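1. whatever this is, show me its structure:
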Amino acid sequence: MTRAFLLGSALLALPVSSFAQSEGGDAQALSYGPRPFYLIDKMADSELKSELMSCRGQEPQTTKFSIGHRGAPLMFPEHTVESNRAAAVQGAGILECDVTFTSDEQLVCRHAQNDLHTTTNIVTTDLAETCTTPFTPATEGEDATAECRTSEITLEEFRTLEPKMDAADASATTAEEYVGGTADWRTDLYANGATLMTHAESIALFDELGADFTPELKSPSVEMPMGEFTQEAYAQKMIDEYQDAGIDPSRVWPQSFNLEDVLYWIENEPEFGEQAVFLVEWTEGFDEQDPETWQEDFASLAEQGVNYLAPSLNMLMTVGEDDAITASDYAMAAKEAGLELITWTLERSGPLHEGGGWYYESVNDVIDTDGDYFEVLDVMAQEVGVVGVFSDWPATVTYYANCKGL
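-> Okay, the predicted model is just below:
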């Protein structure tokens, strides 16, 4: 056994004082599980590592600094009941439903309107005939393809699908093979019998779990308006479902990559708009240290009433002196304009021994071990000053936040 797993086992044996609600109203004890300790063990010796080690006996506490990104999809099928219960048990104080709609204009939780071919078993069912791009097997030199959208099926049909880990086997020659392809650093262990959710059902579940809400209004794949269903009606419908459920607006952080959605909420639903989050991401040509490459006008956003900006991790960090990861000029400029920052997504890149890929675009040269997850998290919290971090495995962020008192 490694020291990390021994520490994890020791922690799991400790009593806890915080609880997440489970089905039927029973309370579930919070748990970090072994992963934070595994990551700490992978860190190079440093003051941060020593501090994190010193917190190994702390009791897990739910924190809004820890945000479940589609639940806990490192190991659970995203946007399922089970994934979000796992995130809540790991101490995520805010949970996410990415919101899209069906052909009968019902809101459901999916990370994209056109993701059903990779997140469900649709290509192996009779509903495969609704796919906008039918499954096409791989041939020599050509990958297998498919595209299936929630906008092509009704809510009743949506409920018949079985969720799975987000993946597809590009070498598949049959539909049954195509629904495989789970990355080797993820698992299908918790996929069996997972449960899809409507947006309204996610509200009820997250409320039961004692968590707050950060729904993201996803860009439609279908041309808008869809019949009489306009973009504005779509944005309003998402807010309506919180009002119908009696949720206080102070518990909701609505998100969108579309600034017009954010401005719509600010103007038409100001109580919700106060915490509306404008999502932005690294695009080709972006340089976190060169303002000439930045698309966002921070002062203008603040003047329009935008209070929260959520850039991807790679935008908020850079490599400084002595090859240390540090806050980027982009991050500091956004903060100076008075914007609160949230970032995404920790634990989405898998093992970091080869640099971490897209999420670490600005610092790949100095990323070489899984322990760097905590190094990056520390920069986000202490130098950038983010108020929340999305993670595919919230226990990591929760452990750090509890140790630091966030």
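2. which residues of the stretch 301-406 of the chain fall in helices?
-> 329-336, 372-378, 395-404 (DSSP state H, counting those that start in this stretch).
3. just these: most buried one?
-> Mean neighbour count (mean count of other CB atoms under 10 Å) peaks for helix 395-404 among those, with a mean of 26. In short, each C-beta sits where N, CA and C put it, glycine included.
4. avg pLDDT for that one?
-> When pLDDT is averaged over helix 395-404, the result is 99.
5. just stretch 118-135 next, same as before
-> Regarding stretch 118-135, the rounded mean pLDDT is 99.
6. show residues contacting that stretch.
-> 77-79, 110-111, 114, 116-117, 144-149, 152-153, 157, 160-168, 175-176, 178-179, 196 (CB atoms under 8 Å, 6 or more residues apart in numbering).
7. hmm, back to that, of the helices of the stretch 301-406 of the chain, which is nearest residue 64?
-> Proximity to residue 64 (CB to CB) singles out helix 395-404 among those, at 8.8 Å.
8. helices or strands up against that closest one?
-> Applying 3 or more CB pairs under 8 Å, 6 or more residues apart in numbering; DSSP states H and E, we find helix 395-404 packed against helix 35-42, helix 47-54, strand 63-68, helix 372-378.
9. run the chain-centre distance for it.
-> In terms of CA atoms, centre = their mean, to the nearest Å, the centre of helix 395-404 is set 17 Å apart from its chain centre.
10. please, where are all the strands along the stretch 101-250 of the chain?
-> Under the criterion DSSP state E, counting those that start in this stretch, the stretch 101-250 of the chain contains strands at 107-109, 133-136, 145-147, 212-213, 216-217.
11. can you say which of these is nearest to residue 266?
-> Closest among the strands of the stretch 101-250 of the chain, using CB to CB: strand 216-217, at 13.6 Å.
12. who does that closest one touch, helix- and strand-wise?
-> Using 3+ CB pairs under 8 Å, 6+ apart: strand 216-217 touches strand 98-101, helix 231-244, strand 255-256.
13. circling back: which one of the helices and strands packed on helix 395-404 is the most hemmed in?
-> strand 63-68 (a mean of 26).
14. residues making contact with whatever helix or strand comes next after that one?
-> Once the chain leaves strand 63-68, the next helix or strand it forms, by DSSP states H and E, is helix 81-89. Contact with helix 81-89 is made by 20-23, 28-31, 62, 68, 70-73, 75-77, 95, 190, 194-195, 197, 202, 205-206, 209-211, 394, as judged by CB under 8 Å, 6+ apart.
15. ok, stretch 140-156 next?
-> 100-104, 106, 108, 110, 113-114, 116-117, 120, 122-123, 127-128, 130-138, 158, 168-173, 177-178, 198, 220-222, 226.
16. chain center to it, what's the gap?
-> With CA atoms, centre = their mean, you get 22 Å for stretch 140-156.
17. before we move on, the earlier item: any chance of CSV for the helices and strands packed on helix 395-404, columns mean pLDDT and distance to residue 294?
-> Putting those into CSV (pLDDT from 0 to 100; distance: least, CB to CB, whole Å) gives the following:
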stretch, mean pLDDT, distance to residue 294
helix 35-42, 98, 32
helix 47-54, 99, 29
strand 63-68, 99, 24
helix 372-378, 98, 21
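18. tabulate the ones you listed (CSV), appending distance to residue 237.
-> Below are the helices and strands packed on helix 395-404 laid out as CSV (distance: least, CB to CB, whole Å):
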stretch, distance to residue 237
helix 35-42, 37
helix 47-54, 43
strand 63-68, 23
helix 372-378, 35
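19. of all those, which lies closest to residue 238?
-> strand 63-68 (17.8 Å).
20. list the helices and strands that closest one packs on?
-> helix 81-89, strand 92-95, strand 388-391, helix 395-404.
21. any idea how far the second one is from the chain center?
-> From the chain centre to the centre of strand 92-95 is a distance of 10 Å (CA atoms, centre = their mean).
22. tell me the secondary structure for residue 59?
-> Under the three-state scheme (DSSP: H, G, I helix; E, B strand; the rest coil), residue 59 adopts coil.
23. need the pLDDT of it.
-> Residue 59 is given a pLDDT of 97.
24. determine the number of other residues adjacent to it.
-> Using other CB atoms under 10 Å, residue 59 has 14 neighbouring residues.
25. distance of it relative to residue 319?
-> Residue 59 sits 36 Å away from residue 319, going by CB to CB, to the nearest Å.
26. to residue 48, which of the helices and strands packed on strand 216-217 lies closest?
-> Closest among the helices and strands packed on strand 216-217, using CB to CB: strand 255-256, at 29.6 Å.
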